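**Q** Structure, please.
(one chain, ligands or ions: 1)
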Amino acid sequence: MLTSIAGRSVIVTGASKGIGKGIAKVFARSGGKVLVVSRHLNEAEACAEELRRAGGTAKGHAADVTKIGDMQVMADAAVTAHGGIDILCANAGIFPQAKIEDLSSEDWDHVMATNLRGTFLPIKACLPHLKKSDQGRVVITSSITGPVTGFPGWAHYGATKAGQLGFMRTVAIELAKYAITVNAVLPGNILTEGLIALGPEYERSMAASIPLKKLGTVEDIGFAALFLASKEAAYITGQTIIIDGGQILPESLDALAQA
Ligand code: NAP
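**A** Just a heads-up that it's a prediction; the model follows:
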């Protein structure tokens, strides 16, 4: 059994729904004190309330990951509420679809700002507090899209998700002297509210292309993040874990059909 993270102060950005909410739930159930962050206080607080009702310690906080001022206030809020910062899950991200012929430079900048600047700024703002922790951890939510695979309409998104990993590898070296580890989770197709809204046919066709024949849950990503944040993962830094039910493994559709 992994050493408990009970009592650790955890920030999860983009935690009002989707994967971030799954990560927040897993950490709260494990005894972490979670700051649930999204741009809308009512939604962040609704998630925090759900975690508290389930017996966890959580607080909602409104902040935009693209703004350094917001990130500094967020870091201060975690310190005030939970006594410091041990674990930062830089998860907030957006994935508007546009094929290259329709992609504007504004679309490009918007996705870069949220997904890449929005990974850098929370780390920068939390760093003075992570340095004081004896178990400083950063877990970045990347994706298989970009680092490993491509999908029409997501060239700009894929660039940010691959970019997060380039950023992570150097930051992991820079922060190693403080014993802070920096790793990434790479989800495949995960059953979030947004994906469920696409309907059961989309879900069925995606599941058919996955060796484990089902989509992942948001908690599946939370469990991987929890491991990377654990004491036992102290010697792992600058690494990635793919959580995709084997989606990237088949060489071709035939490889799946013959299994
Ligand atoms: P989601 O359900 O759309 O949730 C996104 C979360 O991020 C919300 O809480 C949203 O709340 C918040 N957010 C968006 N922009 C923000 C900003 N500028 N500042 C602060 N919070 C912001 O998304 P998801 O599917 O869970 O995706 C979460 C992460 O997982 C992303 O990094 C995505 O790239 C990655 N991912 C997802 C999948 C998948 O299958 N869903 C697969 C691979 C990777 P507000 O709108 O209130 O701010």
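**Q** what helices or strands is the helix-or-strand element of the chain with minimal mean pLDDT leaning on?
**A** Using mean pLDDT, DSSP states H and E, the weakest-scoring helix or strand in the chain turns out to be helix 193-197, at a mean of 85. Under the contact definition 3 or more Cβ pairs under 8 Å, 6 or more residues apart in numbering; DSSP states H and E, helix 193-197 sits against helix 200-208. For every residue, glycine as well, the C-beta is placed using N, CA and C.
**Q** Only the buried residues of the helix it packs on, if you could.
**A** 203, 206-207 (16 or more other Cβ atoms under 10 Å).
**Q** Reformat the residues you listed as CSV; add distance to the ligand.
**A** As requested, those are exported to CSV (distance: Cβ to the nearest ligand atom, whole Å):
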residue, distance to the ligand
Glu203, 11
Met206, 9
Ala207, 13
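**Q** between these, which is closest to Ile180?
**A** Ile180 lies nearest to Met206 out of the buried residues of helix 200-208, by Cβ to Cβ, at 35.5 Å.
**Q** quick one: that closest one from Gly188, how far?
**A** 9 Å (Cβ to Cβ, to the nearest Å).
**Q** Likewise for Val12?
**A** Counting by Cβ to Cβ, the gap from Val12 to Gly188 is 20 Å.
**Q** Looking at the two, which is more packed in?
**A** Val12 (35 against 24; other Cβ atoms under 10 Å).
**Q** wouldn't that one be in contact with Gly32 here?
**A** No. Applying Cβ atoms under 8 Å as the test, Val12 and Gly32 come out as separate, 9.3 Å apart.
**Q** what packs against the host helix or strand of Cys47?
**A** Per DSSP states H and E, Cys47 falls inside helix 41-53. In terms of contacts (3+ Cβ pairs under 8 Å, 6+ apart), helix 41-53 is packed against helix 18-29, strand 33-38, strand 57-62.
**Q** Please work out the average pLDDT along the longest one.
**A** Translated: helix 18-29. Mean per-residue pLDDT for helix 18-29: 98.
**Q** quick check, it touching the ligand?
**A** Yes. Shown here: helix 18-29 in contact with the ligand (Cβ under 6 Å from any ligand atom) through 18-20.
**Q** Pick out whichever of these sits closest to the ligand.
**A** Gly18 (2.2 Å; Cβ to the nearest ligand atom).
**Q** CA atoms of the least confident helix or strand of the chain as CSV?
**A** The C-alpha trace of helix 193-197 is given here as CSV (Å, rounded to 0.1, in the frame of the first residue of the first chain):
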residue,chain,number,x,y,z
GLU,A,193,-19.3,15.2,-19.1
GLY,A,194,-18.2,16.7,-22.5
LEU,A,195,-17.6,13.3,-24.1
ILE,A,196,-20.8,11.8,-22.6
ALA,A,197,-22.7,14.7,-24.3
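**Q** and it with the ligand, contact?
**A** Yes. Using Cβ under 6 Å from any ligand atom, helix 193-197 reaches the ligand at 193-195.
**Q** is it possible to export those to a markdown table including neighbour count?
**A** Listed next are the residues of helix 193-197 next to the ligand as a markdown table, based on neighbours: other Cβ atoms under 10 Å:
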| residue | neighbour count |
| --- | --- |
| Glu193 | 10 |
| Gly194 | 11 |
| Leu195 | 15 |
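**Q** Make sure Lys214 is indeed in a helix.
**A** No. Going by DSSP: H, G, I helix; E, B strand; the rest coil, the assignment for Lys214 is coil, not a helix.
**Q** From Glu203, how far off is Thr57?
**A** Counting by Cβ to Cβ, the separation of Thr57 from Glu203 is 33 Å.
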